[in-house]
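[1] Would you be able to build a 3D model of this:
(3 chains)
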Amino acid sequence: MSDAIDKSMICEVLGSIAPEADFAALSGSEDLRDALDLDSMDFLNFIIALHERTRIEIPEADYSKLRTLNDIAAYLARRQC
Amino acid sequence: MTARITYREACRQALREALLSDPKTFLMGEDIGRYGGCYAVTKGLLDEFGEERVRDTPLSESAYVGAGIGAAMVGMRPIVEIMTINFSLLALDQIVNNAATIPHMSGGQFAVPLVIRIATGGGRRVAAQHSHSLEGWYAHIPGLRILAPAAIEDARYMLAAALKDPNPVLIFEHVMLYNNEGELDPAIAEVDIAHAKVRRVGTGVSVIAYGNGLIKALSAAETLAAEGISAEIIDLRVLRPLDTSTLLASVTKTRRCVIVDEGWKSGSLAAEIGMRIAENAFFDLDAPLRRVCGREVPIPYAAHLEDAALPQPADIAAAVRGLVRPA
Amino acid sequence: MTDFLMPALGADMEAGMLVEWLVKPGDRIKRGDIVAVVETQKGAIEVETFAEGIVSELVVPIGTKVPVGSLLARIGEAAGEEPPAPHPIAAVLPPPIAPITSPVLPTGAAPIAAVHRAKVSPAARGRATELGIDATTLSGTGVEGAVTVADVETAARTIAVPAAAPARRKALDAAEMRKAIAAAMGRSKREIPHYYLTHTVELGASLSWLEAANAAQPVPKRLILAVLLLKAAALALRDVPQLNGTFVNGAFCPGEGIHIGWAISLRGGGLVAPAVLETDKRSLSELMSEMRGLVQRARAGGLRSSELASPTVTVTSLGERGAEAVMGIIYPPQVALIGFGMVVTRPWVVGSRIEPRPVVTVSLAADHRASDGHTGALLLNAIEQLLQNPEKL
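    Below you'll find the model as predicted:
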């Protein structure tokens, strides 16, 4: 059972890490770490929450592919099958 | 290749081996010689070993048990057979006041290396005076070791271990077990007379039983397994001294316990076992302790009434369900 | 020599009068011989001897009344027979048991009031205590509706679902926090004579170890670099304890244990540095989960007083998008602040070649009243060494 890999789901998960962020204003191609001021702990918590939500394994080597909302959505869609 | 023999045959082989291996052993009892034994256990032994070694006694339990005690005191190794536990009451004074106490009262000057074999239990439609399970009474007496073989290898090898014991040993053979058949594992050449054994490993409840109760408990375990309940079945084997540590290890694991005892619940061996568990494993229990015992009535004669009065596999299964899946 | 004593010729006899001797000194007597006549309330009794030998001395004259047990005569060994002296065995009698007098049984005991308690099995009680749950509030599925171990564990799983920061907690007041930081930092710069040291540490070994360790772990168990930096700082402080503690009343007071205050910047501004208790004794995975918990609670406003009160030193790490080095301000009354800058790739001399390597600048701000530069340098070097052997952290 998995949620649709869409950006609103990702934003929801991000919201648990950065609750004050304005997700409506967030563009799909912005670097999330810069835009939301996420440090490495925040980013790891985000990955953990994504993993729990989607049950998709995300190896550390792939973190660099997860810079923007667009990247993340595409990555998860590929891994979901 | 494992041999398939009856419990009766295992008892006979044990007796024969004892007579062959030690000239000091001899058998005494009512109808054991010419008749071959009330339950045919000693059949053929008179012909093989003669009247000196297989002695038919008069109909007086007190006299021949006393004679056995005396023979043991002077260095013989008598194996006395009391036809049933019902008649053993006539030798109670000999057993409790002589056999059990002489080593103590003589300051160790006399040993009583006596073995008494006694058939016990109900189920044979022989009514109130002939169906008792009073081994719990004997298990109350310091100075006695009380055994209750249920498995074929115990019927075969407990006697040899009992003969090595310098103190009196009572072996209780349940009457309903004699016809049971089983495989005697050739790898087993001896057994201990100190420990209980886990006969079936389980996780949900510990069922403690002995004698015919063990056979019924194993049957109940099959029924329960089909319902998804995993019962651990423990064969007590030794009723005195109780192997409390094996029992506690099991209950600590499963957290629930049912004790099966054909004797009546009041003042039973099951009561003693339950109390030991409560004393030592109280904080591990997840449910109250339960006993499945004979109904508090003299054992009936009519078949359907006797069946209703004695613990049955369905009763054991119900008791387990009551703890694991209450309501 | 054997003593011949006045015997008790009846349970209630207390004394007797010797009226006749039937032997005299020199006579040979054997067991059972009658040797004297004693007058008692029951009449004249002939007294036998249990001793054998030669009468040596008649001690009591005729006509004397003596208590039971008194010496009447002495019997010696027959000439030529010298048995070994008897060993007196001290009779150790147990203290007499007081007789049980008729107990007074109270009549009409008051009836015992019915007690209503929640039914919880002993095992369930134990498990509930372990999990910090009140078992009496749960509904039970056991015998007679009792709460079982399974019921407790089910309840624990339900409670453990993380809730968002509960509404009843006061929201963090950014302005108040700013004031507190201002006061602490102002006081620190006024009172503490700071000295500063920096050191560049090559992180190749640590980063590759971290990558390998994380590749083998499921997502929730992965470590971040900060955990290694924190553990390295803690272990280094074991070697240089002069930098772990407080400066109070003009003297250095070493910390009881190494509790590193880890600086956490709060979203929307503000800074807290709660302690990671016993930092040097925790495993890396324990530290990771502790740090995750601290971040979560710091942001939700749920830090504990023990965490805020007890740091013995502070570590601050700027992370990926900070600056190369941080020259911090010590949190009074601590005596040191260890800073880690951003990890950058820089040219590094390896043998006789120059290679690009990841490096980090470690800095130390220390209270010159409590330590000198030499001590500070020892700490930074220790940290460098520890980070070259990450598998030992």
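
[2] Quick check: phi and psi at residue C:359.
    Main-chain dihedrals, residue C:359, degrees, to the nearest 10: phi -140, psi 160.

[3] ok, now how distant is it from residue C:209?
    Going from residue C:359 to residue C:209 by Cβ to Cβ, to the nearest Å gives 16 Å. C-beta here means a position set from N, CA and C on the backbone, and glycine is covered the same way.

[4] same deal with residue B:323?
    52 Å.

[5] The two: who's more crowded?
    residue B:323 (22 against 18; other Cβ atoms under 10 Å in any protein chain shown).

[6] If you count contacts, what does the helix or strand hosting that one end up packed against?
    For residue B:323, the enclosing helix or strand under DSSP states H and E is helix B:313-324. Using 3 or more Cβ pairs under 8 Å, 6 or more residues apart in numbering or on different chains; DSSP states H and E, the elements in contact with helix B:313-324 are strand B:205-209, helix B:212-226, strand B:257-264, strand B:290-294.

[7] So which of these is nearest residue B:61?
    strand B:257-264 (20.3 Å; Cβ to Cβ).

[8] can you tell if the closest one touches chain C?
    No - Strand B:257-264 lies apart from chain C when judged by Cβ under 8 Å from any Cβ of the partner chain; the minimum separation is 12.0 Å.

[9] just checking, what packs against the next helix-or-strand element following that strand?
    Going down the chain from strand B:257-264, the next helix or strand is helix B:269-281, by DSSP H and E. Counting contacts by 3+ Cβ pairs under 8 Å, 6+ apart, helix B:269-281 is packed against helix B:135-138, helix B:244-254, strand B:257-264, strand B:290-294.

[10] which one of the ones you listed is the most hemmed in?
    Burial of the helices and strands packed on helix B:269-281 is given as mean neighbour count (mean count of other Cβ atoms under 10 Å in any protein chain shown); strand B:257-264 ranks first at a mean of 27.

[11] Put together a markdown table for the helices and strands packed on helix B:313-324, with distance to residue B:95 and mean pLDDT on each row.
    Shown next, in a markdown table, are the helices and strands packed on helix B:313-324 (distance: least, Cβ to Cβ, whole Å; pLDDT from 0 to 100):
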| stretch | distance to residue B:95 | mean pLDDT |
| --- | --- | --- |
| strand B:205-209 | 25 | 98 |
| helix B:212-226 | 22 | 97 |
| strand B:257-264 | 17 | 98 |
| strand B:290-294 | 23 | 98 |
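
[12] List just the one of the ones you listed that sits closest to residue C:12.
    strand B:257-264 (51.9 Å).

[13] May I have the strands that pair with that closest one, each with its orientation?
    Sheet pairing for strand B:257-264, assigned by DSSP bridges, gives strand B:205-209 (parallel), strand B:290-294 (parallel).

[14] Those strands: which one's closest to residue B:189?
    strand B:205-209 (25.8 Å).

[15] Other residues contacting the closest one?
    For strand B:205-209, contacts defined as Cβ atoms under 8 Å, 6 or more residues apart in numbering or on different chains pick out B:196, B:216-217, B:220-221, B:229-236, B:247, B:250-251, B:253-254, B:256-261, B:273, B:316, B:320, B:323-324.

[16] which residue ranges form the strands in the stretch 1-150 of chain C?
    C:2-5, C:15-21, C:28-29, C:34-40, C:43-48, C:53-58, C:65-67, C:71-76 (DSSP state E, counting those that start in this stretch).

[17] Which strands or helices does the third one pack on?
    For strand C:28-29, the helices and strands in contact under the criterion 3+ Cβ pairs under 8 Å, 6+ apart are strand C:53-58.

[18] tell me which residues of the strand it packs on are tucked away?
    C:53, C:54, C:55, C:56, C:58 (16 or more other Cβ atoms under 10 Å in any protein chain shown).

[19] Include distance to residue A:61 when you put the residues you listed into TSV, please.
    Conversion of the buried residues of strand C:53-58 to TSV gives the following (distance: Cβ to Cβ, whole Å):
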residue	distance to residue A:61
C:53	109
C:54	113
C:55	115
C:56	112
C:58	117
